[in-house]
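> Build me a structure from this.
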Amino acid sequence: MNLKIFFAVLSFLICSQSYALNISENFDVSEGNFQYNGNAHWDVDRAILTNDSYNQVGSIWYKNPINLSQFSKITVEFTFFIGSHEGADGITFALIDTNNSIYTYGGSGGALGFGGIPNSFAVEIDTYYNYGVDPTPQDHVGIDLNGNIASINSSPIPNVEDNNEHHAKIIINLKDEKTIVFIDGIQYLEMNTIPTLDNVYIGFTGATGGQKNLQYIDNLNVELEPIVQTGEKISPNSYDFGEVWKGSPSDPLSVTITNTTSNPFNIKGVHLRGKFANNFQIIEDECSEVEALSPGETCNIKVIMNPTEVGKMKAVLKVITSEENGILYCHLKGTGRDINEPDINSDDNTFDFGNIVVISDFANIPHIDLDNYIDEVGNIINEIPVVHNFHIQNIGTENLRIDNVVIHGKDKNDFSITLDTCSGEIIEPSGECNLIVTFIPSSTGYKKAVIRILSNDPDESPYYIKLRGTGIEPDIDFGIGLF
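This is a model prediction of the structure:
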């Protein structure tokens, strides 16, 4: 660890529309290009995932999202230290969908800091035997999917809790759909499983529980090889099916593969990939039936969306050719709808409170007695400029369950929910609940925030309402500008 700093670098080697990506990090700079979460922290020249303490959990994520569909192969190498005694619990190298926050980490103990993170992929190095979950009492490596720490495949490795640093190498071949794991130069695992994700954060997680160990990583190098467009073309390369009702498949999408090279090539595989791939279907594939696609020739693949569930969903049509690095993608998305479903709505999706005098002395804020302004069912009977009632409606055909209501944004402290008849409630079709929001600015200037509502609405959860207002100086000092 006496090496001089390697800074994280994006080397864009342009080749058609693809580029190579290399991330090298010796962790010689505080935080740098990584986000540290939980108990994880930077320490001089290494990234510590857990201290030698009980019930620790941490994660670190490279701050720049990566679009996996642009790459054919990922090679990851790093040094890891995982303990000086028989302790617990282990670490993972992980990729998580960017719909997860960059501040995400999973459970402690046997969850390895990865358990519970949805839409994710991990290679674990596990040092503690959890009965009923782990396949062997030995230290082992395994592949985990979607926050489920019960590995889909694993292999025992020699003891790595030996007070020594060790070397790991992980190869994820996205073209051949294969993941290979090496520890200290020896291959221990090979499996035909890869992450079925698009935009991801890459990084590490770690945890301890009733047993403990110092766990850290260092000398990280990640190489992502681009997909080289050698002449094949796919059209379109993305498509939105829009809203499609359960039980009523969409019109077919015809995807065309064109050979623009001077040599024939074969179609080696046509697949649908992704968490929601079962909501899309290949109904016709003439490309796989063609022995060889000659220069200038085309073939077609027909795809439909036939949702079995409701909500927004994405998948990828992946076409593998015999060309070197020959992978073509068509990104698919759509929204599954059901005639019997809740549907959240608000009478105001954006509300501007206007100009409100800034409060200079919080100790002298007068109490606002809502009984003087709001009747028993939530209607405002006497307007005051700092208060607004949002009517949250269910315009669907099934009960709407409101799980959580919070205010987010950099100016969230200037807005407050004064009355909430929605959270934890069931709203019947054609029913509504009320959110009374107060705006009391603490400083001058334009303020903004959003109300975020989590519910069982299949395609609008979270549901957002924009809040706006402006704090102004008073003409005279009378405490609060309510009247």
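> Now Leu467: closest residue in space that isn't a chain neighbour?
Distances taken as C-beta to C-beta, 6 or more residues apart in numbering place Ala449 nearest to Leu467, at 4.7 Å, with adjacent residues excluded. To be clear about C-beta, it is placed using only N, CA and C from the backbone, and glycine gets the same treatment.
> Neighbouring strands - and their directions - for the helix or strand where the one you found lies?
For Ala449, the host element (DSSP states H and E) is strand 445-455. For strand 445-455, the paired strands and their directions (DSSP bridges) are strand 400-408 (antiparallel), strand 463-472 (antiparallel).
> Lys175 is nearest to which of these?
strand 463-472 (38.9 Å; C-beta to C-beta).
> distance of Leu435 from Leu400?
According to C-beta to C-beta, to the nearest Å, Leu435 and Leu400 sit 14 Å apart.
> which of those two has more neighbours?
Between Leu435 and Leu400, counting by other C-beta atoms under 10 Å, Leu400 is the more crowded of the two (27 against 24).
> so the more buried one touches Ser455, yeah?
Yes. Counting by C-beta atoms under 8 Å, Leu400 touches Ser455, with 5.9 Å between them.
> circling back: among the strands paired with strand 445-455, which is nearest His391?
Here strand 463-472 is closest among those (C-beta to C-beta), at 10.9 Å.
> Next, the buried residues of that closest one.
Tyr463, Ile465, Leu467, Arg468, Gly469, Thr470, Gly471 (16 or more other C-beta atoms under 10 Å).
> Which residues outside the helix or strand of the chain with the lowest mean pLDDT are in contact with it?
Lowest by mean pLDDT, DSSP states H and E among the helices and strands of the chain is strand 232-235, with a mean of 82. With contact meaning C-beta atoms under 8 Å, 6 or more residues apart in numbering, strand 232-235 is reached by 255-261, 265, 319, 321, 323, 326, 328-330.
> quick one: strands adjacent to that strand?
Partners of strand 232-235, by DSSP bridges, with direction: strand 253-259 (antiparallel).
> chain center to the strand it pairs with: distance?
On the basis of C-alpha atoms, centre = their mean, to the nearest Å, strand 253-259 sits 30 Å off its chain's mean C-alpha point.
> still on that earlier bit, would you mind putting the strands paired with strand 445-455 into CSV with mean pLDDT and distance to Gln70 alongside?
What follows is these, written out as CSV (pLDDT from 0 to 100; distance: least, C-beta to C-beta, whole Å):
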stretch, mean pLDDT, distance to Gln70
strand 400-408, 92, 31
strand 463-472, 92, 30
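> and Asn163, which of the ones you listed is closest to it?
Per C-beta to C-beta, nearest to Asn163 of the strands paired with strand 445-455: strand 400-408, 45.2 Å.
> send the alpha carbons of the closest one over as PDB?
Output in PDB follows, covering the C-alpha atoms of strand 400-408 (Å, rounded to 0.1, in the frame of the first residue of the first chain):
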ATOM      1  CA  LEU A 400     -55.900   3.100  -2.700                       C
ATOM      2  CA  ARG A 401     -53.600   2.500   0.200                       C
ATOM      3  CA  ILE A 402     -51.500   5.500   1.300                       C
ATOM      4  CA  ASP A 403     -48.300   4.200   2.900                       C
ATOM      5  CA  ASN A 404     -46.200   7.300   3.500                       C
ATOM      6  CA  VAL A 405     -46.200  11.100   3.000                       C
ATOM      7  CA  VAL A 406     -43.100  13.200   3.400                       C
ATOM      8  CA  ILE A 407     -41.600  16.500   2.100                       C
ATOM      9  CA  HIS A 408     -38.300  16.400   0.200                       C
END
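> Name the residues of that strand that are buried.
For strand 400-408, the neighbour count (16+ other C-beta under 10 Å) marks Leu400, Arg401, Ile402, Val405, Ile407 as buried.
> Contact partners for the nearest residue in space to Lys314 that is not next to it in sequence?
Nearest non-adjacent residue to Lys314, counting by C-beta to C-beta, 6+ apart: Lys333, 4.5 Å away. Contacts here follow C-beta under 8 Å, 6+ apart; on that basis Lys333 touches Ser238, Tyr239, Asp240, Phe241, Lys312, Met313, Lys314, Ala315.
> hey, what's the fifth one bridged with?
What it means is Lys312. With DSSP bridges as the rule, Lys312 is bridged to Thr335.
> First-to-last residue distance for stretch 32-45?
Stretch 32-45 has an end-to-end distance of 11 Å (C-alpha to C-alpha, to the nearest Å).
> For the remainder of this discussion, apply numbering that starts at 11.
In the new numbering, first residue 11, that becomes stretch 42-55.
> For burial, what's the neighbour tally of Ser79?
When neighbours are counted by other C-beta under 10 Å, Ser79 comes out with 19.
> secondary structure class for Ser79?
Using DSSP: H, G, I helix; E, B strand; the rest coil, the structure places Ser79 in helix.
> doesn't Asp208 make contact with it?
Yes. Look at Ser79 against Asp208 with C-beta under 8 Å: they come within range, at 5.8 Å.
> Where does the prediction get shaky in the stretch 211-360 of the chain?
The model of the stretch 211-360 of the chain has pLDDT under 70 over residues 238-242, 335.
> I'd like the distance from the helix or strand that Asn231 is a member of to the chain centre, please.
Assigned by DSSP H and E, Asn231 belongs to strand 225-236. In terms of C-alpha atoms, centre = their mean, the centre of strand 225-236 is found 20 Å from the chain centre.
> Likewise for stretch 357-364?
For stretch 357-364, the distance to the chain centre is 30 Å (C-alpha atoms, centre = their mean).
> now the strands for the stretch 261-410 of the chain?
Listed from the start of the chain, the stretch 261-410 of the chain has strands (DSSP state E, counting those that start in this stretch) covering 263-269, 277-283, 290-295, 308-315, 321-331, 337-347, 354-356, 360-367, 397-404, 410-418.
> what's the very next helix or strand once past the last one packed up against?
From strand 410-418 onward toward the C-terminus, using DSSP H and E, the following helix or strand is strand 425-430. Helices and strands in packing contact with strand 425-430 are listed as strand 410-418, strand 442-449, strand 455-465; criterion 3 or more C-beta pairs under 8 Å, 6 or more residues apart in numbering; DSSP states H and E.
> what's the angle from the shortest one to strand 425-430?
Relative orientation of strand 442-449 with respect to strand 425-430: 140 degrees, computed using axes from the mean of the first three to the mean of the last three C-alpha atoms, to 10 degrees.
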